[in-house]
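Peer 1: quick one, structure for this:
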Amino acid sequence: MNIRTLVTGYRDELVSRLGKLVSIKSTQGKPYPDAPFGKGPRTVLDTALAMIRSDGFRTVDLDHYCGYAEYGKGEQVIGIIGHLDVVPAAKEEGWKTDPYVMTEKDGVLYGRGVSDDKGAIVASMIALNVIRDLGVDVNKRIRLIMGCNEETGSRCLQYYVEKEGHVDFGFTPDGEFPGVHGEKGMISAVYRSDTTNLLDIYGGSASNIVCPQCTVKTTKNCYSSKKLTDWFNNNSIDFSVEEEADGDIITVHGKAAHASTPELGINAISWLLVGLKEAGIQDPFVDFYCSRFGLTTDGNGLNIKMDDEFGELTCSNGIIAMEDGVVRGTVDIRFPVTRTSRSVVKAMAGRLDGEGGHIEITRTTEPLFFPIDSQLVSSLWSAYQEVTGDEIHRPMTIGGGTYAKEIHNTIAFGCAFPDKDYHIHDANECVGIDELLLQAEIYVHAILKLLEI
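Peer 2: Numbering: from 1, shown residues only. Next comes the predicted model:
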């Protein structure tokens, strides 16, 4: 039987299933005994497991942290590891449609999660069905593992590993084609103000998203209104100023982007605080922020500007808020695959404290790297080439962190095709239906390759 024909036969089912999953707001919420990541993630896991169970596959729910469907038999396990949770989305952030009502226009689907990563999970469901339809000898257990906490820590997959162990061969459809053989290391940090005259400040919705909007309240006459206006206008920054009796409220509208590629966004926090400094505000915290971060995304202000043959270090600021007079914010650093977290932290040691604030390292994750000619990488790459005929693009290293760092013998493989912008972690996230079907076809070939090892 022709694999492409079999995959195409599931087109309507793919769209239907994805619409149901997108309609569930599966951002992390308040934990409950039977919902460790909140009601939304629990509901979407129940829904996805019911879908694949209705296809006749055996399913397992691991205490609502994650679940999996299994097909085949044997000692070895092939893992397809995706996530059902999503980053927050709101219509006012620039969405042209309701982010939780999947909308189709000219063969393109819009909605939060259609690409990252619900679309890839549904494509993987279709691939598992097609493997069964082919009637091939399945000498390994194929598991479609679905997590609920990838965007906020991956505790779901850590729980899977504790209960079920690692996989023998695996891929997570949460990166890029034709494969990701290296992922930068990650350092998470928080900054706090020691002294500030700001009355309030808030912005951002997730630590791994470039802040798209930030609002600050200042005292009267603490900066030059003309200098501020000129600064924003000269740099084509969208802003507004509201004058109130007890102070001014200034809002900057930037552009969201994934924290692994902060240069593609416009960080509203940075533009707002640098703008205030340019306008003459005298504030120790503003000085601290501008000297450590400013408008750069290369870590220069922290003394960690560095690169290797696979990529450069990036630094992003996602959330900022004031509580009890103290400003707190998040820092997301992605460092080159040939460096260690220890060396990066050591390099920035002298820049963590200052007169107006300080920075605290909260988590470090080492890089992931597989040689491009390793059996896993080469098998998946050849599956991609068989289906697409693409002989130009090669497996890459990325700044994004995926499940591959949490489980052995796994790399990111798809879901994004080369030179395509799916607005992941941004407004108007999208994916073409034909691209989802092509993903499914590639995953079928990938599974067949891994069965041959």
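
Peer 1: just confirm residue 252 is within a strand.
Peer 2: Yes: the assignment for residue 252 by DSSP: H, G, I helix; E, B strand; the rest coil puts it in a strand.

Peer 1: bridging residues for it?
Peer 2: Beta bridges link residue 252 to residue 214, residue 239, judged by DSSP bridges.

Peer 1: list the contacts of it.
Peer 2: Residues near residue 252 by Cβ atoms under 8 Å, 6 or more residues apart in numbering: 213, 214, 215, 232, 237, 238, 239, 268, 271, 272, 275. Backbone N, C-alpha and C define where each C-beta goes, glycine included.

Peer 1: buried residues in stretch 165-180?
Peer 2: 167-180 (16 or more other Cβ atoms under 10 Å).

Peer 1: state the pair within those residues that is farthest apart.
Peer 2: Distances among the buried residues of stretch 165-180 were taken as Cβ to Cβ; the most separated pair is 168 and 176, at 23.2 Å.

Peer 1: which stretches of the protein form helices?
Peer 2: 3-8, 11-22, 39-54, 118-134, 155-164, 225-234, 268-278, 284-292, 341-348, 375-388, 433-452 (DSSP state H).

Peer 1: any chance of the ones you listed in JSON lines, plus distance to residue 95?
Peer 2: Compiled in JSON lines, those are given as follows (distance: least, Cβ to Cβ, whole Å):
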{"stretch": "helix 3-8", "distance to residue 95": "30"}
{"stretch": "helix 11-22", "distance to residue 95": "13"}
{"stretch": "helix 39-54", "distance to residue 95": "18"}
{"stretch": "helix 118-134", "distance to residue 95": "16"}
{"stretch": "helix 155-164", "distance to residue 95": "27"}
{"stretch": "helix 225-234", "distance to residue 95": "24"}
{"stretch": "helix 268-278", "distance to residue 95": "17"}
{"stretch": "helix 284-292", "distance to residue 95": "29"}
{"stretch": "helix 341-348", "distance to residue 95": "36"}
{"stretch": "helix 375-388", "distance to residue 95": "31"}
{"stretch": "helix 433-452", "distance to residue 95": "20"}
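
Peer 1: can you check which of the ones you listed gets nearest to residue 244?
Peer 2: Short answer: helix 225-234, nearest of the helices of the chain by Cβ to Cβ, at 14.0 Å.

Peer 1: give me the angle between that closest one and helix 268-278.
Peer 2: 140 degrees (axes from the mean of the first three to the mean of the last three Cα atoms, to 10 degrees).

Peer 1: for helix 225-234, give the mean pLDDT please.
Peer 2: What helix 225-234 shows for mean pLDDT is 97.

Peer 1: and that helix, which residues are buried?
Peer 2: For helix 225-234, by 16+ other Cβ under 10 Å, it's 228, 231, 232.

Peer 1: cool, stretch 23-41 as well?
Peer 2: 23-28, 35-41.

Peer 1: need the contact partners of it.
Peer 2: Contacts of stretch 23-41 (Cβ under 8 Å, 6+ apart): 42-44, 47, 63-65, 84-88, 100-102, 113, 148-149, 151-152, 155-156.

Peer 1: can you pull out the strands in the stretch 101-250 of the chain?
Peer 2: 103-105, 108-110, 141-147, 169-172, 175-176, 180-183, 185-193, 200-203, 213-218, 238-244, 247-253 (DSSP state E, counting those that start in this stretch).

Peer 1: and of the ones you listed, who's closest to residue 79?
Peer 2: Comparing the strands of the stretch 101-250 of the chain by Cβ to Cβ, strand 169-172 comes nearest, at 3.4 Å.

Peer 1: show me the shaky parts of the chain.
Peer 2: Along the chain, segments meeting pLDDT under 70 are nowhere present.

Peer 1: go with 90
Peer 2: Flagging of the chain using pLDDT under 90 yields the residue ranges 1, 92-93, 153, 205-206, 208, 258, 309-310, 398-401, 425-426.

Peer 1: residue 219 versus the residue sitting furthest away from the middle of it, what's the distance?
Peer 2: When each C-alpha in the chain is compared with the mean C-alpha position (Cα atoms, centre = their mean), residue 245 comes out farthest, at 41.0 Å. Look at residue 245 and residue 219: by Cβ to Cβ, to the nearest Å, they are 11 Å apart.

Peer 1: any idea how many residues pack against the residue lying closest to residue 370 once chain neighbours are set aside?
Peer 2: Excluding its sequence neighbours, the residue lying closest to residue 370 (Cβ to Cβ, 6 or more residues apart in numbering) is residue 181, at 4.6 Å. Residue 181: 28 surrounding residues under other Cβ atoms under 10 Å.

Peer 1: please apply the same query to the one 10 residues further on.
Peer 2: By other Cβ under 10 Å, 23 other residues sit near residue 191.

Peer 1: right, and it touches residue 328 too?
Peer 2: Yes: using Cβ atoms under 8 Å, residue 191 is in contact with residue 328, at 7.1 Å.

Peer 1: re earlier: export the buried residues of stretch 23-41 to TSV and append columns for distance to residue 313.
Peer 2: TSV is the format used below for those (distance: Cβ to Cβ, whole Å):
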residue	distance to residue 313
23	38
24	36
25	34
26	31
27	28
28	27
35	37
36	33
37	30
38	33
39	38
40	34
41	32
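
Peer 1: and these, which of them are in strands?
Peer 2: Of those, none are assigned to strands by DSSP state E.

Peer 1: out of these, who's nearest residue 160?
Peer 2: residue 36 (12.6 Å).

Peer 1: any idea how far residue 118 is from the closest one?
Peer 2: 19 Å.

Peer 1: returning to what we had before: do you know how far the residue nearest to residue 370 is from residue 412?
Peer 2: Taking Cβ to Cβ, one finds residue 181 at 9 Å from residue 412.

Peer 1: kindly report the domain assignment for this structure.
Peer 2: If you go by automatic domain parsing, the domain ranges for the chain are 3-183+368-452, 185-365.
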